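> Here's a sequence, model it:
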Amino acid sequence: MSQKEKRTIKILLIIVASAAFIWFLGNLLLDFLSYKKSNIVMNENIELKLNDGELHFIYSHPFDDGSYYLKTKDGLNFEKVKFDLNDISYLYNDFDNNVYLLSQHAFSYYKITKKGDDIVENKIPFPLTFMFKDQNLEVFGINKDIQSNTLDVRDLKYHKKYQIEYPTYLSLMNYDDKYIYLSNDVIDQEKSVIRIISRENGEEVKTIEISSTATDLVFYKDKVVAVTDHFLHFIDKNTFDVMDVSYPLSSAVGEGDKAISINNKLYVSYNNKGKVSILTLDEKYKWENTINLDINYGSGKFIDHQFFVLEQYELSEDAGGKLSVYDITEDKVTSIFLPKQDRKVQDFVLTKNN
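Next comes the predicted model:
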C-alpha cells in the first residue's frame with residue numbers, strides 16, 4: 001500500500017471518527033434537553049381551570065435512579081426536569097408555595113428551587129412519615145424505628161421547640177390556635193387514635209380512639225373531623241366529646257377518604273367500588289346528597305372547591321396517567337392525560353400564586 005493510499009485511509013478514518021463524535025455529542029445534547037429540562041404539549045382543546053395555580057407531578061421508581069418532575073399551568077404545556085433520585089413517593093407544598101420531594105425510606109428530603117430546575121437536599125437522621133410547614137408552625141413525623149416515631153415540633157407562635165415519642169405510626173396532622181391534632185396508628189395494639197397536643201405547653205391533653213386509620217383531618221364548624229374508612233368522627237374542639245357518623249353507602253361497597261368544608265356543608269370523597277362518589281353532609285349532620293362520578297379512584301385531594309384524582313397508569317399504556325378534577329360548584333368534571341415517562345407517576349400538588 002502506497003503512502004498516498006495510507007494517508008487517504010487515515011483521513012477517511014478521521015472523518016468517520018469525527019462524524020461519530022459529533023453524532024455522540026448531538027445525542028448527548030438531545031438527552032440533556034429531553035431529560036434535564038424540556039417542554040411537552042398534551043391535551044389540546046381541554047380547558048383546565050386552575051385559578052392561577054400550577055400543578056406539579058413526580059414520576060419515580062423505588063430502586064432505579066431518575067425521577068421526573070413535571071409542572072403545568074394549563075394542563076396543555078408541561079415543563080419537565082429530571083433529578084438523579086429514586087423512591088420519591090410524595091410531594092408536599094408549604095405556605096410559601098415551596099415544593100418538596102419526600103420519601104418514606106430516605107434519610108433526606110429535597111426542596112425544589114423556585115426556578116424549578118434544581119433541588120436542595122436536607123439530610124435527616126431518620127425517614128419522615130409526614131411534614132408540615134406553615135408560617136408559624138413546623139411539624140415533622142419521624143420514623144425512628146419499627147416501634148417508635150418522633151413528633152418534632154417548632155412552634156414560633158408559642159416559642160416552643162420539642163419532641164414527643166409515640167408508638168409507630170404517625171400519619172398526618174392538623175392544627176388550630178390552641179392544639180395540634182395528630183393521627184397515630186398504634187400498630188402493636190392494632191388501634192388508631194387522635195392525639196390532641198397543647199401548643200401552649202407542648203403536652204398531650206387528650207387521646208381519642210377511633211375506628212381505624214384516619215385518612216384526613218379537617219375542621220367543620222366547631223369540630224375536628226377524622227375521616228376513616230367507615231365513619232366520620234366529629235371531635236368537639238372545646239369538650240373533646242366525639243360523635244360518630246356512618247356513611248350512607250354500605251361499608252361493603254367502599255370507604256371514605258378525604259373531606260372539605262364548603263358553605264357549612266361537609267363534602268366527603270368516597271371510594272365506591274373503585275369509582276369516585278362525593279357525599280354531602282348538611283349542617284344537621286344528615287346526609288343530603290350523593291354524586292357518583294365515572295372516575296377511577298386513585299390518589300385524591302380536595303383543593304378549594306375542587307376534588308382532584310390522580311390515576312396511575314401502567315408503563316405499557318399510551319399516557320403516563322390521568323388527572324380528573326371535579327368542580328363542586330359547577331358540578332363538572334375535567335380530565336387530562338399526563339405525559340408518558342419510563343417511570344410511574346406517584347403524586348401531585350397544586351400551588352397557588354400568593
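> ok, which stretches of the stretch 151-300 of the chain are strands?
Applying DSSP state E, counting those that start in this stretch to the stretch 151-300 of the chain gives strands spanning 160-167, 170-175, 179-186, 191-198, 204-210, 216-220, 223-227, 231-236, 242-246, 254-262, 265-272, 275-281, 287-296, 299-303.
> Contacts for the longest one next, please.
So that's strand 287-296. 247-249, 265, 272, 274-282, 309, 311, 322, 324, 326, 331, 333, 335 (CB atoms under 8 Å, 6 or more residues apart in numbering). No exception for glycine: its C-beta is placed from N, CA and C like everyone else's.
> Any buried residues in stretch 346-353, and which?
346-351 (16 or more other CB atoms under 10 Å).
> Which parts of the stretch 1-150 of the chain are helices?
Under the criterion DSSP state H, counting those that start in this stretch, helices of the stretch 1-150 of the chain are mapped to 3-35.
> Tell me how far the residue nearest to residue 107 when sequence neighbours are not counted lies from residue 142.
Distance criterion CB to CB, 6 or more residues apart in numbering; nearest residue to residue 107, sequence neighbours excluded, is residue 124 at 5.8 Å. Remark: distance between residue 124 and residue 142 (CB to CB, to the nearest Å) = 7 Å.
> got it, and residue 300?
26 Å.
> Can you point out the buried residues in stretch 258-275?
Buried residues in stretch 258-275 (16+ other CB under 10 Å): 258-261, 266-272.
> from the buried residues of stretch 346-353, which two are the most distant?
The most widely separated members of the buried residues of stretch 346-353 are 346 and 351, with 17.3 Å between them, by CB to CB.
> Verify the contact between residue 72 and residue 43 for me.
No - contact between residue 72 and residue 43 fails when scored by CB atoms under 8 Å: they sit 9.1 Å apart.
> Give me the more crowded residue out of the two.
residue 72 (24 against 21; other CB atoms under 10 Å).
> Show me the beta-bridge partners of residue 173.
residue 182 (DSSP bridges).
> which residues touch it?
130, 132, 139, 141, 180-183, 217.
> TSV for these, including neighbour count?
TSV is the format used below for the contacts of residue 173 (neighbours: other CB atoms under 10 Å):
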residue	neighbour count
130	20
132	18
139	21
141	23
180	22
181	24
182	27
183	25
217	21
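> Rebuild the residues you listed as JSON lines, extending it with pLDDT and distance to residue 190.
Listed next are these as JSON lines, based on pLDDT from 0 to 100; distance: CB to CB, whole Å:
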{"residue": "130", "pLDDT": "98", "distance to residue 190": "21"}
{"residue": "132", "pLDDT": "98", "distance to residue 190": "26"}
{"residue": "139", "pLDDT": "98", "distance to residue 190": "25"}
{"residue": "141", "pLDDT": "98", "distance to residue 190": "20"}
{"residue": "180", "pLDDT": "98", "distance to residue 190": "24"}
{"residue": "181", "pLDDT": "98", "distance to residue 190": "22"}
{"residue": "182", "pLDDT": "98", "distance to residue 190": "18"}
{"residue": "183", "pLDDT": "98", "distance to residue 190": "15"}
{"residue": "217", "pLDDT": "98", "distance to residue 190": "21"}
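> Thank you, goodbye.
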